[in-house]
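> predicted model follows, preceded by the sequence.
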Amino acid sequence: MFGGLLLLLFLSATPLHAVVVFSFDYAAAPDFDATSKASLESAATTFGEYFTNTATIDIEVTSSNTNINTLASAGSNVAPPYNHGFELAGVVARKILGEVDPNGVSADGDIDVNFYHNWDFDDDVDAFAFDFKNVLLHELMHAVGFSSWIWSDGMDAFSTAPGNQGTWAPFDEFLADSTGRLIDPTTFALDGARWNVASVGGVGTDPPTVGLYFDGPAAKAANGGSMVPIYSPNPWNEGSSGSHVDTDFFVGSNVLLMNHAVGTGPGVRTLSHIELGVLSDLGFSIVPEPASILLIAIGSVALMTCGRWRR
């Protein structure tokens, strides 16, 4: 599915800005050992350097060992208030954006890794193993809010039917079809008819025609002024649809970290300008690239999923 190989190297430097620090609790993750822990923590350090904010994020780590096609999943806890509009940000995002910890001693978010699969934890990734750091960077993006909270039937997290005032994730403010955003910014009501078509519209295009798109101004600017295609296959793919860039559009040398699937071999370990634009649209203050030395490449396919936020 993916062809070609692209290698990019960034020089190491000491970060000159504040960073987000991730603290991991492995009590419920028996499959993790010293090597996999160190790899996760290295990926998290790289990811934290994209932010100019200062925050410590507490993540509960779990592990599984199941013969399914999912590599990993992640999510953020949420806490009151649950106001109408686009304010249903996870605790992880709220802390990075400067709020006092809204859920106290509880974990801010969670990550699960499926150790059934063949992983490579270092920077010299075997062609027949999955790039652990690539996948965990992807999952951390979900934890900070690269995720929709619109269900396949157009309902919000509180089972509000389309056409009514809803409660949405910040990401949902920018979800659109080819004609524009799907949620009215005044009434906070989702256009159910348009959602039903776009959410299973298929492969995106430039200029936009079918499927879902991300209409944030920073992401569009990074994409040459065009809305960013969002993964919207037919049929709906629970855990992947609406919460990833379009895997069937961003192919070859244009594969992005937030594609919904990844192959064996070295994977993308940097955020593209488009993905950095999405973070900016979600309200984060970010820097173009972290200080760490990173390797980018492209391989062949298994799934990464987004865990729905927990209340």
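Nice, thanks for sending it over.

> could I get the full set of helices for this protein?
Per DSSP state H, the chain carries helices over the ranges 34-48, 91-96, 132-144, 192-198, 217-222, 273-281.

> which strands or helices does the second one pack on?
Applying 3 or more C-beta pairs under 8 Å, 6 or more residues apart in numbering; DSSP states H and E, we find helix 91-96 packed against strand 55-64, strand 72-76, helix 132-144. (Each C-beta comes from the backbone N, C-alpha and C, glycine too.)

> kindly report the same for the fourth one.
Applying 3+ C-beta pairs under 8 Å, 6+ apart, one finds that helix 192-198 makes contact with strand 175-177.

> now do 10 Å
For helix 192-198, the elements it packs on are strand 175-177, strand 212-214, judged by 3 or more C-beta pairs under 10 Å, 6 or more residues apart in numbering; DSSP states H and E.

> can you list these in a markdown table and add distance to N254 and mean pLDDT?
As requested, those are exported to a markdown table (distance: least, C-beta to C-beta, whole Å; pLDDT from 0 to 100):
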| stretch | distance to N254 | mean pLDDT |
| --- | --- | --- |
| strand 175-177 | 21 | 98 |
| strand 212-214 | 16 | 98 |
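
> what's the neighbour count on the residue lying closest to G48 once chain neighbours are set aside?
In space, G48 comes closest to V20 once its chain neighbours are excluded; the distance is 4.0 Å by C-beta to C-beta, 6 or more residues apart in numbering. By the measure other C-beta atoms under 10 Å, the count of residues near V20 is 23.

> of the helices of the chain, which is nearest N234?
N234 lies closest to helix 192-198 among the helices of the chain, at 10.2 Å (C-beta to C-beta).

> so where do the strands sit in the stretch 101-250 of the chain?
109-114, 119-120, 130-131, 175-177, 180-181, 212-214, 228-230 (DSSP state E, counting those that start in this stretch).

> can you tell me which of these is packed in deepest?
Mean neighbour count (mean count of other C-beta atoms under 10 Å) peaks for strand 212-214 among these, with a mean of 29.

> packing partners for that one?
Using 3+ C-beta pairs under 10 Å, 6+ apart: strand 212-214 touches strand 175-177, strand 180-181, helix 192-198, helix 217-222, strand 228-230, helix 273-281.

> generate TSV for these, with distance to A107 as supplementary columns.
Listed next are the helices and strands packed on strand 212-214 as TSV, based on distance: least, C-beta to C-beta, whole Å:
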stretch	distance to A107
strand 175-177	27
strand 180-181	32
helix 192-198	32
helix 217-222	29
strand 228-230	28
helix 273-281	22
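
> who wins for proximity to I68 among these?
For I68, the closest of the helices and strands packed on strand 212-214 is strand 228-230, at 23.8 Å, according to C-beta to C-beta.

> output the below-cut-off pLDDT ranges for this protein.
For the chain, the stretches with pLDDT under 70 are 1-18, 289-311.

> for the spatially closest residue to L136 that is not a sequence neighbour, give its distance to D153.
Nearest residue to L136 in three dimensions, chain neighbours excluded: A43, at 4.4 Å (C-beta to C-beta, 6+ apart). For A43, the distance to D153 (C-beta to C-beta, to the nearest Å) stands at 35 Å.

> more neighbours: these two, which one.
Using other C-beta under 10 Å, the more surrounded residue of A43 and D153 is A43, with 24 against 13.

> wait, what's in contact with the more buried one?
A43 makes contacts with 22, 121, 131-140, 269, 292, as judged by C-beta atoms under 10 Å, 6 or more residues apart in numbering.

> swap in P207?
Applying C-beta under 10 Å, 6+ apart to P207 gives the contacts S178, G225, S226, M227.

> take the residues you listed and lay them out in CSV including neighbour count and distance to V200.
Formatted as CSV, those follow (neighbours: other C-beta atoms under 10 Å; distance: C-beta to C-beta, whole Å):
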residue, neighbour count, distance to V200
S178, 18, 14
G225, 10, 26
S226, 17, 21
M227, 24, 18
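
> could you dump those residues into a markdown table and include distance to F158?
Compiled in a markdown table, these are given as follows (distance: C-beta to C-beta, whole Å):
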| residue | distance to F158 |
| --- | --- |
| S178 | 28 |
| G225 | 35 |
| S226 | 33 |
| M227 | 27 |
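
> which among these gets closest to N77?
Taking C-beta to C-beta as the measure, N77 sits nearest to M227 out of the contacts of P207, at 30.2 Å.

> what's the spacing between that closest one and E87?
Distance from M227 to E87, by C-beta to C-beta: 23 Å.

> ok, now A29?
Taking C-beta to C-beta, one finds A29 at 31 Å from E87.

> for D177, same thing?
Applying C-beta to C-beta to D177 and E87 gives a distance of 23 Å.

> then D122?
Going from D122 to E87 by C-beta to C-beta gives 40 Å.
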